[in-house]
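Undergrad: Sequence and predicted structure, then a few things I'm wondering about:
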Amino acid sequence: MAQLDTTPLTDEERAELEELRAEKARRERAELEELRAARAEASASAPAPSAAPAPAARAAASQPVVPTSPEERTFGQRMVLSSDEDDDGIPTMPPAQKIVIGICLLCAVCLALYVVLSNAGVIG
């Protein structure tokens, strides 16, 4: 395979390669022209834009609707959003965050145990 990569192209192969490159360039130009014509046609047939909606309405529409009662929430919302607040008004930690912290602590304990046992010569 390496021998094929290092051998120079013959005149026939070089001519064929140039023809293929030219054909590819022609196809790309034709496709580009078709896209430009389609865009021009679409912009010409599209109605003129009316007054833009108010910024407050756009901002309100882009924010997700979060149900207020825990019964209306989906499983994902219940795992990610907390439903209680502390005495100071700070939301409590959601269950998903507690799970992630627990897994990280477990991994840290396992790593520390591995380091201690490997340095003592018990494993490894």
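TA: Sure, I can see it.
Undergrad: how close does residue 43 get to residue 29?
TA: 21 Å (Cβ to Cβ, to the nearest Å). (Glycine included, C-beta is placed from N, CA and C.)
Undergrad: Ok, residue 117 next?
TA: Where residue 29 is concerned, residue 117 sits at a distance of 67 Å (Cβ to Cβ).
Undergrad: go on, residue 41?
TA: 19 Å.
Undergrad: Residue 77 too?
TA: Taking Cβ to Cβ, one finds residue 77 at 51 Å from residue 29.
Undergrad: next one: residue 71
TA: If you go by Cβ to Cβ, the gap between residue 71 and residue 29 works out to 60 Å.
Undergrad: between the two, who's got more neighbours?
TA: Legend: neighbour count by other Cβ atoms under 10 Å for residue 71 and residue 29, higher for residue 29 (10 against 7).
Undergrad: Which helix or strand contains the more buried one?
TA: helix 11-45 (DSSP states H and E).
Undergrad: starting at the chain centroid, how far to that helix?
TA: Taking Cα atoms, centre = their mean, to the nearest Å, one finds the center of helix 11-45 at 31 Å from the center of the full chain.
Undergrad: please renumber so the chain begins at 35
TA: Okay, using 35 as the starting number, the last item reads as helix 45-79.
Undergrad: And that helix, what's buried?
TA: Buried residues in helix 45-79, counted by 16 or more other Cβ atoms under 10 Å: none are found.
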